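> Give me the fold of what follows.
(chains A and B)
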2 protein chains.
Amino acid sequence: MGPPDDTPDTDAEAESTSDRGDDTSYHRQLGIGEAAFDGLQPHFQQRNYEGLEYRHVPDYRRGVERGTVLIDGEMVRGFPKVPGTLVLETGIPTQFDEHERIAVEEKLNGYNVRVARIDGKQLAFSRSGMVCPFTTRVLTRLVDLDDLFEEHPNTLVCGEVIGPENPYTAHDYPGVDSIAFRAFDWRDRESGEPLPVQERRERYEALGVPQTPLFEVVNVGSAAASVQEIIRELDAEDREGVILKSLDGNTLLKYTTSSSTNSDLAYAFSLPFDYGQAFMFRRLLREGFQTVEWGEDDEVARERAHEVGESILCSMREAIQTVEDGDALGERHTVRASDKTIDVLFEHLRGQGLTIDIEDDSHEDGDRVVTFCKRTPSSNDTIRNYLDGHVVRE
Amino acid sequence: MGPPDDTPDTDAEAESTSDRGDDTSYHRQLGIGEAAFDGLQPHFQQRNYEGLEYRHVPDYRRGVERGTVLIDGEMVRGFPKVPGTLVLETGIPTQFDEHERIAVEEKLNGYNVRVARIDGKQLAFSRSGMVCPFTTRVLTRLVDLDDLFEEHPNTLVCGEVIGPENPYTAHDYPGVDSIAFRAFDWRDRESGEPLPVQERRERYEALGVPQTPLFEVVNVGSAAASVQEIIRELDAEDREGVILKSLDGNTLLKYTTSSSTNSDLAYAFSLPFDYGQAFMFRRLLREGFQTVEWGEDDEVARERAHEVGESILCSMREAIQTVEDGDALGERHTVRASDKTIDVLFEHLRGQGLTIDIEDDSHEDGDRVVTFCKRTPSSNDTIRNYLDGHVVRE
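Take a look at the predicted model:
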């Protein structure tokens, strides 16, 4: 299990920049005025990927998506924030009030990447807009995008990297032994405009690019009932949830399963001082509204409550016991790749200020397989302090 | 059940003040320099109680306790924040490292008042330093402090108002049918200095003032085990917890029962948008550390987890269902007092910007008995919005 995917990237080593490069064209590409672009400057962070300087916007800002990148005179649009609803019955018609039909696709539990071809090279960008050297290097193992970029060079291939051997968000999926890519969106790299759902699915199909499952295309008015049915099935298989999309691809809405919510809660409370309280609270709300919308009786609601309680308390208990026993808390991951790719991954993570402990390191079939732990100093130190009798002045 | 007692007072109608009155003496009374006192000025709020102007510090500030009052040339010290520990075994020796023995007294679940005699009148002050007209008026029913103030005019009588007919924090205690007062501290009104525990208890005893129970006086080194035993008994009776005190009365430490923590959680999640997420999180931490310190096995820990889950989810579910049914959420209280006292209570609450709905209003034995509901607009409106399909952009 890995951290939920709205974990912010650590940006310890990044610096904001005053480099102006070819900004006159950037502000036009972004579709904002020069003054607005100037206002954005302090929010850019400058980085370097194998000698290539680039800037990105790691946080949400007015007028530009988080994760937007300016690189080599080109722009890579950030992936838009996906809104959610706590109530399907009313949330779906509210969000899709200008649409008749919507597509229901699976929301996979992995990490979001955008792949673009810049100066002939395919680069994989993280949600916040960093080039991820690990994903960039393993990409060719996961999916062949050469034909796609030959035919459509300005494409932004948006997808999820899933599977258990995953340095960020590991989750098991049937048929995925190590790591895999699933495309869920096809956008224009500069404008961020998506392809309509059907066209996107056909193109990826024709190009042999694996995609997230499409469950149905359904009328907005009757979607709540069938989405609820899908969510129940996904829940039973410990899968994350769905993304609803207008057929033009422009309007999105997410909804998650109880098992995903509980898994997030358990993860958050296993590192209670490294996750935000708002993160925890939002997930508790999801459970509250879901039990009401689903009309659960007292007994079923009580069972749901017990699961929530266990997600919170049992994982917190285990974390406290771990620290009490003198062991270190952290986020444990296993990755499988070439020696060089593993090296650049650790360099990348350490470059973000993370402390990485290698717990297992071996070779299998020419690959290096490493289990490592990202230290989480806040939870370790704060739990240690409380165990030592630190007095709480609330 | 009423709200937990660290609910902040509502101060909607208060204004900060630039009135300087007899400030030259106040800064000396406070034991701070003139410059420090000037720095405090913007944090004073000015109020009026029956024609008497006064100022108070409603929030925690450096150098002066929250709830400190300047009134009629006199000063009323705020009651100090009581620190807590998450782990008895280490927290007790840490907090009481300069002491050999400590007193273990009950922490009652009601609301904190300080009573002082100002210009011949006994006034009851809330934690934040407002004169509470209700408590001030019912005080003579609860306790006779005339002899005390005759003998010791500069006393600050600190205690808890408990019982089910309570406009702030209602909780049932055996033998308390309506409302009662229990003294837990005796301080100097100006300096805030407390009496030693034994002397305080003897004085209150001699003066016939009811007090919080004293369980034991115990060596610091062996306190954790006996406090744990006391906590288990209090927990079984749904009581709140203990305050540990150095025998000189100066050093305090609180620790609460699981039943109190669950009750707070249930209350907070019954009004999920009116309580802070930090309030909820701190209580979850208490449960996590308690289960570890008490060495609970998996089965017992799981039962504790189920209770926590029910406190959170079942109360949130009920709140959402209440709003779904078109009913209003709020904090419901019953009070019993004279017509006039009830009138001033509602005037006081409404003066703080609260909306009060009277749900039941009758007379019994010459008293007026009123059940009312303080509206909680945030939880009502936010739950309503989500039920209506409001889309969440996290």
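> What would stretch A:280-288 look like as CSV? C-alpha coordinates only.
Taking only C-alpha atoms (Å, rounded to 0.1, in the frame of the first residue of the first chain), the coordinates of stretch A:280-288 have been written out as CSV:
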residue,chain,number,x,y,z
MET,A,280,-8.5,13.0,7.3
PHE,A,281,-11.6,15.1,7.9
ARG,A,282,-12.6,15.1,4.2
ARG,A,283,-12.5,11.3,4.1
LEU,A,284,-14.6,11.0,7.3
LEU,A,285,-17.1,13.2,5.6
ARG,A,286,-17.2,10.9,2.6
GLU,A,287,-18.2,8.0,4.8
GLY,A,288,-20.8,10.0,6.6
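> can you pull the buried residues of it?
Of the residues in stretch A:280-288, those buried under the neighbour-count criterion (16 or more other Cβ atoms under 10 Å in any protein chain shown) are A:M280, A:F281, A:R282, A:R283, A:L284, A:L285, A:R286, A:E287, A:G288. Quick note: C-beta positions are derived from backbone N, CA and C, even for glycine.
> before we move on, what about stretch A:140-159?
Neighbour counts over stretch A:140-159 (16+ other Cβ under 10 Å) mark A:R141, A:L142, A:V143, A:L145, A:L148, A:F149, A:H152, A:T155, A:L156, A:V157, A:C158, A:G159 as buried.
> In helices, which of those fall?
Helix and strand membership here follows DSSP state H; of these, those in helices are A:R141, A:L142, A:L148, A:F149.
> Per-residue pLDDT of the first one, please?
With respect to pLDDT, A:R141 scores 93.
> Which positions in the stretch 201-350 of chain A make contact with chain B?
Along the stretch 201-350 of chain A, the residues adjacent to chain B under the rule Cβ under 8 Å from any Cβ of the partner chain are A:253, A:269, A:272, A:277-278, A:280-282, A:284-285, A:287-289, A:291-292, A:301-302, A:304-310, A:312-314, A:316-317, A:319-321, A:324.
> among those, which ones are buried?
Applying a neighbour-count criterion of 16+ other Cβ under 10 Å, the buried members of those are A:253, A:269, A:272, A:277, A:280-282, A:284-285, A:287-289, A:291-292, A:301-302, A:304-310, A:312-314, A:316-317, A:319-320.
> ok, back up a step: turn the ones in helices among the buried residues of stretch A:140-159 into JSON lines, including distance to B:V131.
Rendered in JSON lines, the data for these read as follows (distance: Cβ to Cβ, whole Å):
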{"residue": "A:R141", "distance to B:V131": "73"}
{"residue": "A:L142", "distance to B:V131": "70"}
{"residue": "A:L148", "distance to B:V131": "74"}
{"residue": "A:F149", "distance to B:V131": "74"}
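> Which of these sits closest to B:S259?
Top of the list for closeness to B:S259, among those and by Cβ to Cβ, is A:L142 at 52.5 Å.
> so what's that closest one up against?
By Cβ atoms under 8 Å, 6 or more residues apart in numbering or on different chains, the contact list for A:L142 reads A:V161, A:I179, A:A180, A:F181.
> among those, which are in strands?
Here DSSP state E is the test, and the contacts of A:L142 give A:V161, A:A180, A:F181 as lying in strands.
> Smallest gap between chain A and chain B, at which residue?
Nearest residue of chain A to chain B, counting by Cβ to the nearest Cβ: A:G309, 2.4 Å away.
> Outline the domain layout of chain A.
Listed by automatic domain parsing, the domain ranges of chain A are A:88-106+A:214-256, A:259-324, A:330-387.
> Go through these and pick out the most buried.
Using mean count of other Cβ atoms under 10 Å in any protein chain shown, the stretch among the domains of chain A with the greatest mean number of neighbours is domain A:259-324 (a mean of 20).
> For that domain, give the mean pLDDT please.
Average pLDDT, domain A:259-324: 97.
> and the end-to-end length of that domain?
Start to finish, the residues bounding domain A:259-324 are 29 Å apart (Cα to Cα, to the nearest Å).
> try stretch A:78-94
Distance between the boundary residues of stretch A:78-94 (Cα to Cα) amounts to 25 Å.
> Report the rounded mean pLDDT for that stretch.
Computed over stretch A:78-94, the mean pLDDT rounds to 97.
> and what of stretch A:233-253?
Averaged over stretch A:233-253, pLDDT sits at 98.
> Would you format the ones in strands among the contacts of A:L142 as TSV with neighbour count and distance to chain B included?
Supplementary listing: those in TSV, determined by neighbours: other Cβ atoms under 10 Å in any protein chain shown; distance: Cβ to the nearest Cβ, whole Å:
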residue	neighbour count	distance to chain B
A:V161	25	22
A:A180	21	27
A:F181	24	25
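> Of these, just say which sits nearest to B:D264.
Taking Cβ to Cβ as the measure, B:D264 lies nearest A:V161 of the ones in strands among the contacts of A:L142, at 41.6 Å.
> Would you confirm that the closest one contacts A:I179?
Yes - counting by Cβ atoms under 8 Å, a contact exists between A:V161 and A:I179, whose distance comes to 6.3 Å.
> hang on, the earlier thing: in the buried residues of stretch A:140-159, find the pair that's most separated.
Pairwise distances across these (Cβ to Cβ) peak at 21.8 Å, for the pair A:R141 and A:H152.
> can you list the residues of the stretch 51-200 of chain A near chain B?
A:81, A:83-87, A:89-95.
> hmm, which two among the residues you listed are most spread apart?
Taking Cβ to Cβ, the two most distant members of these are A:K81 and A:E89; they sit 23.0 Å apart.
> Help me confirm that A:T257 comes into contact with A:Q228.
No - with the criterion set as Cβ under 8 Å, A:T257 and A:Q228 do not qualify as a contacting pair; they are 10.8 Å apart.
> Let me know the secondary structure of the closest residue to A:F215 other than its chain neighbours.
What sits nearest to A:F215 in space, not counting adjacent residues and going by Cβ to Cβ, 6 or more residues apart in numbering or on different chains, is A:V104, at 4.5 Å. Judged by DSSP: H, G, I helix; E, B strand; the rest coil, the three-state class of A:V104 is strand.
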